[in-house]
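Chemist: Curious how this folds, go ahead:
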Amino acid sequence: MVERKRTWPSLELGALVAAIQEADLACFGDDSTASGSVTAQSSFEQQYSAWMAELAQSSGLVSLVTPAHRTLFRERDLACSAFLHHVLVFSRTARAKYADLLQQERNWQERWTRQVDLLKSNEPM
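Modeler: Just a heads-up that it's a prediction; the model follows:
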């Protein structure tokens, strides 16, 4: 019997990195202008691209080609996609929720300041 083997592709890590960056942006805001020079960022981008290409090439899995293996890898990819989708939805929802909360706090602070100023202006000296 001839065994058919295949190198199954690794997970698409670019989507995972994008989801992590989205979550970081939701948690910490955008500080890309304060993080350093453009050349440092482009150097990081080059290193990142090289690392991702090497990782994708070296992390493929070798296994038999059977319906069970096909199903296993298909389900792996679907589970990873669903997880990434949930991470993105959660981070965007959390970012919107807390942006709204911060805006409400700013509005409250402005109203409070106006009320205090009004009381001070009506106060006899």
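
Chemist: packing partners for the lengthiest helix in the chain?
Modeler: Using DSSP state H to assign secondary structure, the helix with the most residues in the chain is helix 67-122. In terms of contacts (3 or more Cβ pairs under 8 Å, 6 or more residues apart in numbering; DSSP states H and E), helix 67-122 is packed against strand 5-8, helix 13-28. All C-beta spots, glycine's among them, are computed from the backbone N, C-alpha and C.

Chemist: how about the ones you listed in JSON lines, adding mean neighbour count and mean pLDDT?
Modeler: Output for those, formatted as JSON lines (neighbours: other Cβ atoms under 10 Å; pLDDT from 0 to 100):
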{"stretch": "strand 5-8", "mean neighbour count": "13", "mean pLDDT": "83"}
{"stretch": "helix 13-28", "mean neighbour count": "14", "mean pLDDT": "76"}
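
Chemist: So which of those is nearest residue 58?
Modeler: strand 5-8 (10.8 Å; Cβ to Cβ).

Chemist: elements contacting that closest one?
Modeler: strand 61-64, helix 67-122.

Chemist: Now tell me what touches it from outside.
Modeler: Strand 5-8 is contacted by residues 60, 61, 62, 63, 64, 65, 69, 73 when judged by Cβ atoms under 8 Å, 6 or more residues apart in numbering.

Chemist: Just the buried residues of these.
Modeler: Burial by neighbour count, 16 or more other Cβ atoms under 10 Å: within the contacts of strand 5-8 this picks out 69, 73.

Chemist: Around residue 76, count how many other residues there are.
Modeler: Residue 76 has 13 neighbours, counted by other Cβ atoms under 10 Å.

Chemist: In space, what's closest to it - neighbours in sequence excluded?
Modeler: Leaving aside its sequence neighbours, residue 76 sits nearest to residue 11 (Cβ to Cβ, 6 or more residues apart in numbering; 7.4 Å).

Chemist: Check the secondary structure at that neighbour for me.
Modeler: coil (DSSP: H, G, I helix; E, B strand; the rest coil).

Chemist: Thanks again, I'm all set now.
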